[in-house]
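S.K.: model this:
(chains A and B)
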2 protein chains.
Amino acid sequence: MVMDSQPNPPLCPFEKRFPSQLVRDDTFYMSLAYNQAIDAWRADEVPIGCVIELGGEVIASAHNTVESARDPSAHAEMLAITQAAASIGDWRLENATLYVTKEPCPMCSGATLMARLKRVCYAVPDPKMGCLGGASNLNDLPRVNHHLELTAGGVLEDECRELLQTFFKLKRERE
Amino acid sequence: MVMDSQPNPPLCPFEKRFPSQLVRDDTFYMSLAYNQAIDAWRADEVPIGCVIELGGEVIASAHNTVESARDPSAHAEMLAITQAAASIGDWRLENATLYVTKEPCPMCSGATLMARLKRVCYAVPDPKMGCLGGASNLNDLPRVNHHLELTAGGVLEDECRELLQTFFKLKRERE
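M.R.: Alright, predicted model coming up:
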């Protein structure tokens, strides 16, 4: 008998979003982050996606690849930040906004500060692990000399939460 | 006149350490992290170095490369964690110890948790930016289900501090 060590992910019951290119608001960019999360699901990764916007253009987009890369730092936000810095040739992302479907973890919250992002907009707050207002707020450290503008929840929040919750529910049913 | 856009770093007045291979204690591994920091200085990067130990062997060693890589995530600890995970083929570094010459920043503190390291040993506490006891302690988040053993300062602390302080002093004198 051949053991299948890498079973296919549960079939994703959600579709990608096709926002109008003409209205580049928070929902537009979060829709692209959501589409990255769908790609993560299809690759059997926790469905979290991220894009980074600068001057109205998307300069980075990524999803979680911890399992396939076997790298604990391969969260969507980390990959997008590295991509964005490479894209503009500077590690300081001072005028850029990062959109992510779930509140960043301790590592990624710290990375948004170190990258000097202008703003972070996340869809689903995370009171357990989130460190931009959920479990803690690294943006409030008094002696860190960079602070982010934050949009904490409210943009595609229900859609991004349902994607995550359904993924974990279907995963558990297969165990 | 040709402008030199990348001036050489200030000459490093410190030497690398040559600890005995026979005594593999915290000072041994921190000495290797210190040597990485010396390499960082010579590359004109902030002199912070890191090694990761597993089962008595060094499975990763790295130094800060933020400036040369133009990547805000290219801190010594992040690079070492990625290297260690690649080395053992698993993102969970559960029995490994990370040695770093300065207390990890918010991003790297978070990464040590996400990587599920067994222990973190740092040389110089950082009350401004450190997030493993200095400015904050991410290891104390109540709902994070992994906690680190911490050795916070005391191992080559004076040497690692002098290296950092001298680097910044010489840099300022050239400005």
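S.K.: pretty sure A:Ser73 is touching A:Cys105, no?
M.R.: No: using Cβ atoms under 8 Å as the test, A:Ser73 is too far from A:Cys105 to be in contact (10.6 Å). (C-beta placed from N, C-alpha, C; glycine too.)
S.K.: between those two, which contacts overlap?
M.R.: Here A:Ser73 and A:Cys105 share the contacting residues B:Met114, scored by Cβ atoms under 8 Å, 6 or more residues apart in numbering or on different chains.
S.K.: what mean pLDDT does stretch A:15-35 have?
M.R.: Across stretch A:15-35, the average pLDDT comes to 97.
S.K.: which residues does that stretch contact?
M.R.: Under Cβ under 8 Å, 6+ apart, the answer for stretch A:15-35 is A:38, A:49-51, A:53, A:56, A:58, A:61, A:76, A:97, A:99-101, A:121, A:123, A:151, A:155-156, A:159-160, A:163.
S.K.: also stretch A:128-138?
M.R.: A:102-106, A:109-110, A:112-113, A:120, A:122, A:125-127, A:139, A:144, A:148, A:150, A:152, B:106, B:110, B:131, B:136, B:138, B:141-144.
S.K.: show the buried residues in the residues you listed.
M.R.: A:102-106, A:109-110, A:112-113, A:120, A:122, A:125-126, A:139, A:144, A:148, A:150, A:152, B:106, B:110, B:131, B:136, B:138, B:141, B:144 (16 or more other Cβ atoms under 10 Å in any protein chain shown).
S.K.: tell me which element A:His147 falls in.
M.R.: Following DSSP states H and E, there is no helix or strand that holds A:His147.
S.K.: now the strands for chain A?
M.R.: Ranges of strands within chain A are A:49-54, A:57-63, A:97-102, A:119-124, A:149-152, based on DSSP state E.
S.K.: save those strands as CSV, and put in mean pLDDT and distance to B:Asp25 too.
M.R.: Formatted as CSV, the strands of chain A follow (pLDDT from 0 to 100; distance: least, Cβ to Cβ, whole Å):
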stretch, mean pLDDT, distance to B:Asp25
strand A:49-54, 98, 41
strand A:57-63, 98, 40
strand A:97-102, 98, 41
strand A:119-124, 98, 41
strand A:149-152, 98, 44
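S.K.: perfect, I'm done here.
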